[in-house]
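Peer 1: model this:
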Amino acid sequence: MSKRYHFISGLPRSGSTLLSALLRQNPRFHASVTSPLYAMIDRMTDAMGADKKYLNMIDDTCRARVLRGVFDSFYEDKPAEVIFDTNRLWTANIAMIAQLLPDAKIVCCVRDIFRIIDSFERIGRKNPLQYNSLFNFANEPSIYGRVKSMMNVSSGVIGGPHSALRSAWYTDLADRLILVRFDSLTRQPRETLSRLYALLGEPAFEHDIAEVEADEVEYDLRIGLPGLHRVRRGVSPREQPLTIPPDIYQTYAKSDFWNSQEENIRRIPIL
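Peer 2: Below is the predicted model of the structure:
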């Protein structure tokens, strides 16, 4: 059976775990937390690069066949017809996706940056005895150092995905993007999923909003952030007061470029 592929990307702490938990209620779908597939594709592409001594044995047709084979081999044991692979940086590879998987969409979960920072701070305070991978397992003593690390445009857990999404946003390949706001998913889950299914060309499915839940205990322990991917039972909004300094809020209060009609020049659907 030939599988269809889509991707879940966008920003962290923005609903991707919840979205995956909802999607996999559909027996036709497979969706989970971040997989190693992005890293595997990246390294395989490098191994077939122009600086390698085997260049005369590899052309673009071969590269495409090999890379597509990585997708199929990785998910061969999954009975699902439709695969949603998760990685925050798939938006950085939108051109490759367009060539290898021309029907694939990249579903990007988004949320106000200051809310994401606040969410990471909260989860960090719940695990004060552990260093975590957000800061390369180093102890950042103040929120300002942590925010600087998180917002690094190349390696930051927020800044990297944010810059990758913004880069893809303006390209002529942006029609492959679908944005899902965190607030839409938590406040109007049925309507949001219905619109997402329509954009993906998938038949409607009745999701059980009340019973959805998820937890990735071993995964979160490995990165030093127990509870990071825990989804409490049921879908409902939970707006909490900010616990970050007001100057950090002011700095990132206008980073949600997707909410500007003037910036959405490609008319990317935003749910």
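
Peer 1: immediately after the worst-scoring helix or strand of the chain on mean pLDDT, which helix or strand?
Peer 2: Ranked by mean pLDDT, DSSP states H and E, the weakest helix or strand in the chain is helix 217-222, scoring a mean of 59. Moving toward the C-terminus from helix 217-222, the next helix or strand (DSSP states H and E) is helix 246-252.

Peer 1: tell me which residues touch the nearest residue to residue 92 once chain neighbours are set aside, please.
Peer 2: Of all residues not flanking residue 92 in the chain, residue 164 sits nearest, at 4.0 Å (C-beta to C-beta, 6 or more residues apart in numbering). Backbone N, C-alpha and C define where each C-beta goes, glycine included. Applying C-beta atoms under 8 Å, 6 or more residues apart in numbering to residue 164 gives the contacts 9, 88-89, 91-92.

Peer 1: low-confidence ranges, the chain, go.
Peer 2: 1, 51-52, 131-138, 213-234, 236 (pLDDT under 70).

Peer 1: could you measure from the residue of it most remote from its centre over to residue 104?
Peer 2: Of all residues in the chain, residue 56 sits farthest from the chain's C-alpha centroid, using C-alpha atoms, centre = their mean; the distance is 35.9 Å. Using C-beta to C-beta, to the nearest Å, one obtains 31 Å as the distance from residue 56 to residue 104.

Peer 1: cool, residue 129 as well?
Peer 2: Residue 129 is 41 Å from residue 104, by C-beta to C-beta.

Peer 1: looking at these two, which has the bigger crowd around it?
Peer 2: Shown here are residue 129 and residue 104; by other C-beta atoms under 10 Å, residue 104 has more neighbours (20 against 5).

Peer 1: skipping adjacent residues, who's closest to that one in space?
Peer 2: Per C-beta to C-beta, 6+ apart, closest to residue 104 is residue 5, 5.0 Å.
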